[in-house]
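Enquirer: got a sequence here, can you build the structure:
(3 chains)
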Amino acid sequence: MNKPQHNTSSPAKGAPKGAAPADAPAIPNDDGFLDLHYSMLRIRRVEERLLQVFSEGKIPGFIHVSIGQEAVAVGVCSCLTPADTIFTTHRGHGHTLAKGMQLKPFMAEIFGRDSGACHGNSGSMHVASSEAGVGGANGIVGAGLPISLGSAFASAFKGEDSVTAVFFGDGASNQGTFHESMNLAALWNLPIVFVCENNGWAQFTSQKSYMKIDGIARRADSYGMPGVQVDGEDVLRVRESMREAVARARSGNGPTLIECKTYRWFGHYAGDPQKYRPAADVEQSRKTDCIANFEKFLLDSDLADRAQLDAVEARLRGEINEAIAFAEAAPSAPKGQFLNDVYADAFRKDSLS
Amino acid sequence: MKEIRYIKAINEALHEEMARDETVFVIGEDVGAPGGAFGGTRGLLQAFGERRVRDTPISESAIVGLALGAAMKGLRPVVEIMFADFLPVCMDQIVNQIAKTRFMFGGQFSAPLVIRAPGGAGLNAGPQHSQSLEAWFAHVPGLKVVMPATPADAKGLLKSAIRDNDPVLVLEHKALYATSGTIPEGEYLVPLGKADVRRAGNDVTIVTASRMVLQTLEAAETLAGQGIDAEVIDLRSLTPLDKDAIFKSVAKTSRLVIAHEAVKSFGIGAEIAAMISEEMIDILDAPITRVGAPFSPVPFSQEGDYLPNASDVVHAVQKVMAY
Amino acid sequence: MSSAIVMPKVGLTMTEGKIVEWKKGVGDRVEKGETVFVFETEKVSYDVEAAHSGYLTRIIITEGETVPVGTEVALLGESPTTETARSPRPVPADASRASAPRAADVAAGAVAGTAIQSSRIRATPLARRIAKANGLDLAQVAAASPSARLKKSDIEQFLSARAARAQAAPARAAAPSQQGEGKLVKLTSMRDIIARKMLASTVEAAQTYMVVSVDAGNLVEARQRLINSIQKETGIRPTLTDLIAKIVAVAIARHPVMNTRWTPEGILWLDAIHMGIATALDDGLVVPVITDIGNKKLSAIAVERHDLIESARAGKLPPERMRGSTFTISSLGMFGVEEFTAIINQPESAILAIGAIVDTPVARDGAVVIRPIMKLTLTYDHRIIDGAKAATFVATLKDVIEEPLLALA
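Expert: Numbering: from 1, shown residues only, chains lettered A, B, ... in the order given. A predicted model of the protein is given here:
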């Protein structure tokens, strides 16, 4: 399992006590709860800071935050190892961090610095980390799906048991690439998990106005693979479904589609005034807080106390301040450096000019 | 040396590279048992099995995207797209994904893959199966584009493309598939980015590629009979472009004609003309002239009327010489 | 202590925002999350909420003003004391960059302003280049040429006709201008430097000169023989100047007094020969330097001379490539000048002026023959070099030019 790098998790002894959320799955004897909490809160706090520094004009371009959807990223990535690969979307900060990308190169990339993971070539929308198994965020809706097939194909081709997970939104499920990829993955039994984050909004358009059916999971059946719909605000349910899907993929039994119903608290992009979205919808989405719910569960179950949770907050503040300071102080790429990564093999640059 | 057909030379390249490198695999529509729509992958399934020769559904985006993901993980996919006209179907994967993977991710991932696709007219295949779209791809940083004109180059360039660490689009010409030529026995490579002077001459430089090389060489012989000594440069690679070869030749002849089968407007001819204008206009003793197809889709029934040919090249050169 | 409230960036394209309303006044208490002001961009209005609680101590940007993203618009303090002294912080670089014009846009604008000239003489670019290199006025060529459009062949015809005329009669002097008035052109810095150096040279050195006629037949032939191999090796065609430069270096090596410098302490005998090549530009003169020419092959000299002159013409010659010469040559042969004297390039002690190669009737073995004759004029500083020393140098020069093989001897 991919553990975020921290040491706040104290092993919970035996089955946790206290009340679980209504209709919760049986709680396994598991010491990963604090990891889940830490990982979700880390995404939340990082993105809150990103919104702040973006509004201060410190980040060029635009960013898309996933606040409200953290449980999907964390539930899914908690089932993956560093050898596994994810492909993500324009709203990919959460997935990337949950998969284990270091915060400093992540932040420096968003700030467009040379020490960013992609030397400032990519920004927020195309962050990748080969060491953490992040095959890249993608600025084209639905484009990561075919690429993720290749990653899964390579695992099978090489006889490795690694798996691939690909994140996409409800909007992307109407792209041709979704259908092509689902078909091919099922046909070839590829070790892949399709994770649909259904937040009900395709950019500025509500799902009701572009789809006749209200669930994406149903579509799995058309391609001959299992499809499940889970409460994407419940990290434990997401994790449970993902575990099952990963086990299926690793054992050579092919792909799964997991649809996670979730909520996008903010607009499509940072600064989106959301004039298209009823205020009540925004309000409703923020009432469902996957992190607050999970904290309540931890406290109610005596898996953590308030002091522990406060310590996590303090630790994250330090971590994020450090990463922001690192990114702000980091130098920009030297002039013309962007030419270095256009091709792997250097050939005369003048033949390009 | 041995005599071989263009399509068979491609087939040999695939056999040799798959035997040489375990990470090479072939993927595309009908590439398995059928051996490819034009026979390019014939015998590969028998020789290397289903694991490395993958027949796919008709899903160009998925095929090409899959190749990218596999290449990012260290494999060397060779994709066959049945007609170059189908490349636009998977344009996002080629232009936004494959071409930019290395760049966007700051060199953390590469995309060492090959896409083979036959373009060009001459077989009455109609408007959607006859196009020459190379300029589109040559315009995209991150891609390499080659266009072999002979069996020897078809084999040598493909082998180099497979070994290259960047994505290479190999635009074959379907009307050349049945043509024959000699190739060296045994192992050889043709480097990417190197043009070939097919005929040396002093009076005028004709830059061309793919099937127009044949028409241009024919034109050069006609011109020689008229006392005009033309130098014919076969580009072979569009990206990287062998500027040196073009510049050296024009420095010698002071006259330049560019001939390609693609629509003349906004084509590679325009690019080469602009390069010369920018960097060595004062060597020119006549206007740079282009030979290309009219601004129309390829017609089904009047290809002969539509396609640029040897006599078009002759006329263009005569005009330049008489300027 | 107070903190700044800035114009926020909302979205990819926003570069500036217009404040339409302040919801709070100076001195008001502001709670975190309360709307402080409203701004508008592209007809969409946004409420800006306070990032933390405090008192609005100063409004810097008033309603109706438009400011770039990142500009401080107000200060939020811990107490209601108003602030007036603090000056606004400059706009952060990232934000201001968006509003600066891009180089590409500026360039595009410049191009758009260029008018098409219709009255130009029609000539190919190659013809223009050859004409310029030979100092020809295109109008003059056009008037003399039957072609509607000048090509390389037209220029070449004109040049050979002119050479024939030059043989027939000396050029007539132009009539002196009757005009009494003129226009004052300020000195360029290059003109200023040339003027001062030239004057200083004539004042400081005891300059005198001698002329020698040289048969350039073998030199021209030697060049013809070398052209192909050197061009093949380097892509550059060696010029006569290159060959002469090399030969001058050979002669200097045999007469090191030519490679000296007058100093108050004494005469400085220099080891290496660094050859200056006086080069005319449209608006002046520069002397690029081929360093250590004595140890360079002809091909290397040709390449270096070519690169130096190209850079000089492009105005890109670095100053260090114009310093340190120990001997200079100057040629006006391409202008048809047969003989001229040059002023020593201080602090050197001599300079060689090279004239045009002109087919000239000369006596050989009792008969008159036509030979390509070139006149060399050595200007030398008599403080250092005596006439006889100069003469032996000139004699060596003549011998080697007339038999370039002697360079090897």
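Enquirer: so the closest residue in space to residue B:246 that isn't next to it in sequence is in which element?
Expert: If the residues on either side of it in the chain are set aside, residue B:246 comes closest to residue B:207, at 5.8 Å by C-beta to C-beta, 6 or more residues apart in numbering or on different chains. From N, CA and C alone the C-beta is placed, and that goes for glycine too. Assigned by DSSP states H and E, residue B:207 belongs to strand B:204-208.
Enquirer: these two touch, right, residue B:84 and residue B:121?
Expert: No. Here residue B:84 does not reach residue B:121: they are 10.9 Å apart, not a contact under C-beta atoms under 8 Å.
Enquirer: which neighbours do these two have in common?
Expert: Common neighbours of residue B:84 and residue B:121 are listed as B:131, B:132 (criterion: C-beta atoms under 8 Å, 6 or more residues apart in numbering or on different chains).
Enquirer: which residues of the stretch 101-250 of chain B lie near chain A?
Expert: B:101-110, B:112, B:141-142, B:144, B:164-166, B:192-193, B:239-243 (C-beta under 8 Å from any C-beta of the partner chain).
Enquirer: are any of the residues you listed buried, and if so which?
Expert: Listed as buried from those are B:101-110, B:112, B:142, B:144, B:164, B:166, B:192-193, B:239-243; burial here means 16 or more other C-beta atoms under 10 Å in any protein chain shown.
Enquirer: just the ones of those in helices?
Expert: B:101, B:102, B:103, B:104, B:243 (DSSP state H).
Enquirer: which pair of the residues you listed spans the longest distance?
Expert: Greatest spatial distance among these (C-beta to C-beta): B:104 and B:243, at 27.1 Å.
Enquirer: around chain C, which positions in chain B sit nearby?
Expert: B:248, B:254, B:281, B:282, B:283, B:284, B:285, B:286, B:323.
Enquirer: pipe the residues you listed into a markdown table and attach pLDDT, secondary structure and neighbour count per row.
Expert: Formatted as a markdown table, the residues of chain B next to chain C follow (pLDDT from 0 to 100; DSSP: H, G, I helix; E, B strand; the rest coil; neighbours: other C-beta atoms under 10 Å in any protein chain shown):
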| residue | pLDDT | secondary structure | neighbour count |
| --- | --- | --- | --- |
| B:248 | 95 | helix | 16 |
| B:254 | 95 | coil | 22 |
| B:281 | 91 | helix | 14 |
| B:282 | 88 | helix | 15 |
| B:283 | 90 | helix | 20 |
| B:284 | 93 | coil | 22 |
| B:285 | 93 | coil | 23 |
| B:286 | 94 | coil | 23 |
| B:323 | 90 | coil | 13 |
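Enquirer: now flag whichever of those is closest to chain A.
Expert: residue B:248 (13.9 Å; C-beta to the nearest C-beta).
Enquirer: excluding its backbone neighbours, what's nearest the closest one?
Expert: Spatial nearest neighbour of residue B:248, excluding adjacent residues (C-beta to C-beta, 6+ apart): residue C:235 at 7.7 Å.
Enquirer: which stretches in the chain count as helices?
Expert: Since you didn't name a chain, this refers to chain A. A:33-55, A:70-77, A:93-98, A:103-110, A:144-158, A:176-187, A:219-223, A:235-250, A:279-287, A:290-300, A:306-329.
Enquirer: actually it's chain C I care about, not the one you picked
Expert: Secondary structure of chain C (DSSP H): helices located at C:93-97, C:103-112, C:125-133, C:138-144, C:152-168, C:189-204, C:217-234, C:240-254, C:298-313, C:387-402.
Enquirer: figure out which of the ones you listed is closest to chain A.
Expert: helix C:93-97 (4.2 Å).
Enquirer: quick one: residues contacting residue C:311.
Expert: Counting by C-beta under 8 Å, 6+ apart, residue C:311 has contacts C:288, C:317, C:318, C:321.
Enquirer: of these, just say which sits nearest to residue C:331.
Expert: For those, the nearest to residue C:331 is residue C:288 (13.4 Å; C-beta to C-beta).
Enquirer: which stretches of the stretch 201-350 of chain A have low pLDDT?
Expert: Scanning the stretch 201-350 of chain A for pLDDT under 70 picks out A:346-350.
Enquirer: each with direction, which strands does the strand holding residue B:207 pair with?
Expert: Using DSSP bridges, the strands paired with strand B:204-208 are strand B:230-234 (parallel), strand B:256-263 (parallel).
Enquirer: in TSV: those strands, plus distance to residue C:19 and mean neighbour count.
Expert: Compiled in TSV, the strands paired with strand B:204-208 are given as follows (distance: least, C-beta to C-beta, whole Å; neighbours: other C-beta atoms under 10 Å in any protein chain shown):
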stretch	distance to residue C:19	mean neighbour count
strand B:230-234	62	26
strand B:256-263	53	27
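Enquirer: for these, give me CSV that also has mean pLDDT.
Expert: Converted to CSV, the strands paired with strand B:204-208 look like this (pLDDT from 0 to 100):
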stretch, mean pLDDT
strand B:230-234, 98
strand B:256-263, 98
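Enquirer: among those, which is nearest residue A:259?
Expert: Relative to residue A:259, the nearest member of these by C-beta to C-beta is strand B:256-263, separated by 45.4 Å.
Enquirer: summarise which helices and strands the helix or strand following the closest one is packed against.
Expert: Once the chain leaves strand B:256-263, the next helix or strand it forms, by DSSP H and E, is helix B:268-280. Counting contacts by 3 or more C-beta pairs under 8 Å, 6 or more residues apart in numbering or on different chains; DSSP states H and E, helix B:268-280 packs against helix B:134-138, helix B:243-253, strand B:256-263, strand B:289-293.
Enquirer: how about those, which one is nearest residue A:303?
Expert: Residue A:303 sits nearest to helix B:134-138 of all the helices and strands packed on helix B:268-280, at 56.1 Å, using C-beta to C-beta.
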